[in-house]
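Q: I need the structure of the sequence given here:
(one chain, ligands or ions: 1)
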Amino acid sequence: MSYPTQRGRRLRRTKGLRALARETRVAADQLVAPLFVHEGERSRQAIASLPGHARLTPDLAAEEAASLAGLGVGSVLLFGIPARKDAEGSAGWAEDGIVPRAIRAIKRRVPDLVVWADVCMCEYTDHGHCGILKGDEVDNDATLPLLARAAVAYARAGADVVAPSDMMDGRVAAIRAGLDRADCAHTAIVSYAVKYASAFYGPFREAAGSTPRAGDRRGYQMDGANVREALREAEGDVAEGADALIVKPGLPYLDVIRAVRERVTVPVAAYQVSGEYAMIHAAAERGWLDLERTMWETTLGLRRAGADLPPARARPSPATCSRARPR
Ligand SMILES: [Zn+2]
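A: Next comes the predicted model:
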């Protein structure tokens, strides 16, 4: 059947008809808002390349989390900026580090908000790499116990989800084993299974002060030309115990989101990274794009490609792990 019997415009005629025919929706409780936390009290440092975002102290992060929850946003994802960095990133796994303190502050203020903690070394190492170095190389296997230790510290502080973004091989299994040994069997792992070595991370590195001092991350992050490799990474992480996966960045990799969505049955989240966000804001500031419409269109594109974004709700952490005494 074709024109004039079939007229595509009939269901586009009014707002109500368009809503009726809409195939994809974005709900606020599927969104995860990133929060950058730093040391101190009542201090907010704007991040020039990420308009609307700031480095916040734990007290202000809790206020921000409460206002996000008030808007219906389902989750926040924490990134820590420590006062001191060292070769082993020890501030990343300290039980009283900046991220555990921010988690506790947020959970006291908004207990039902799902709190994710990013797990990586690059914000905490003085060399800026995502693992510890042996010569010029990132030592994969020596990094794993430190990642597990960080994940346990965040879980004990009350994180519902830990999200390893380091791209070391075997880290999901190492983190799962570490969490289970620490009585944190209920803490979910959402792994950045498919993380490309991307130019779009620039503004984040300004926000977190995590630019590598030497070299780059192509030795562990993925080559942007590959999609079959993304499927191996995704399947590998699910086999190691990941509860959900992230594909990062989002917009340049819509085909990868679709391919991963069709391969695994766990939820798949798309990460619209700092450069994607900054690009939209920069163009809108010049009056070249409509901020709101572009934001909706790009977010909808990620959903349409197959991203579930995260599960809408996770249970608050039971007391067994979050109240356990540090050991
Ligand atoms: Zn990293």
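
Q: so how far is residue 32 from residue 186?
A: In this view, residue 186 and residue 32 are 19 Å apart by C-beta to C-beta, to the nearest Å. Where C-beta positions appear, they are placed from N, C-alpha and C, glycine not excepted.

Q: which residues touch residue 79?
A: 34, 35, 36, 37, 99, 118, 123, 207, 208 (C-beta atoms under 8 Å, 6 or more residues apart in numbering).

Q: try residue 153
A: Applying C-beta under 8 Å, 6+ apart, the residues near residue 153 are 93, 94, 95, 97, 99, 100, 326.

Q: Would you tell me what helix or strand it is located in?
A: Under the criterion of DSSP states H and E, residue 153 resides in helix 140-157.

Q: So which bits of that helix are buried?
A: By 16 or more other C-beta atoms under 10 Å, the buried positions in helix 140-157 come out as 140, 143-144, 146-157.

Q: Distance from the chain centre to that helix, please.
A: The chain centre lies 17 Å from the centre of helix 140-157; the measure is C-alpha atoms, centre = their mean, to the nearest Å.

Q: can you check stretch 192-200 too?
A: Taking C-alpha atoms, centre = their mean, the mean C-alpha location of stretch 192-200 is offset from the chain mean by 11 Å.

Q: Identify the residues contacting that stretch?
A: 163-165, 167, 216-218, 221-224, 230, 233-234, 236-238, 242, 245-249, 252-253, 256, 260, 271, 273-276.

Q: Mind checking which of those are buried?
A: 163-165, 167, 217, 221-222, 230, 233-234, 236-238, 242, 245-249, 253, 256, 260, 271, 273-276.

Q: So which of the residues you listed belong to helices?
A: Mapping those onto helices (DSSP state H) picks out 230, 233, 234, 236, 237, 238, 256, 260, 274, 275, 276.

Q: quick revisit: among residue 186 and residue 32, which residue is more densely surrounded?
A: Using other C-beta atoms under 10 Å, the more surrounded residue of residue 186 and residue 32 is residue 32, with 20 against 17.

Q: Where do the helices of the protein begin and end?
A: 15-21, 58-70, 90-93, 98-109, 140-157, 171-181, 202-208, 228-240, 254-263, 274-285, 291-304, 319-322.

Q: okay, the ones you listed in TSV with distance to residue 133 and mean pLDDT next?
A: Converted to TSV, the helices of the chain look like this (distance: least, C-beta to C-beta, whole Å; pLDDT from 0 to 100):
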stretch	distance to residue 133	mean pLDDT
helix 15-21	54	97
helix 58-70	30	98
helix 90-93	14	96
helix 98-109	22	98
helix 140-157	9	98
helix 171-181	17	98
helix 202-208	18	85
helix 228-240	23	98
helix 254-263	29	97
helix 274-285	25	95
helix 291-304	34	94
helix 319-322	31	61
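
Q: of the ones you listed, which approaches the ion most closely?
A: Between the ion and the helices of the chain, the tightest spacing by C-beta to the ion is seen for helix 202-208, at 8.8 Å.

Q: And the pLDDT at the residue lying closest to residue 262 once chain neighbours are set aside?
A: Leaving aside its sequence neighbours, residue 262 sits nearest to residue 306 (C-beta to C-beta, 6 or more residues apart in numbering; 7.2 Å). Listed pLDDT for residue 306 reads 95.

Q: For the most centrally placed residue in the chain, give me its contacts.
A: Most central in the chain under C-alpha atoms, centre = their mean is residue 77, positioned 5.9 Å from the mean C-alpha point. Counting by C-beta under 8 Å, 6+ apart, residue 77 makes contact with 32, 33, 34, 35, 116, 117, 118, 163.

Q: Would you tell me which one of the residues you listed comes nearest to the ion?
A: Closest to the ion, out of all of the contacts of residue 77 and judged by C-beta to the ion, is residue 118, at 8.3 Å.
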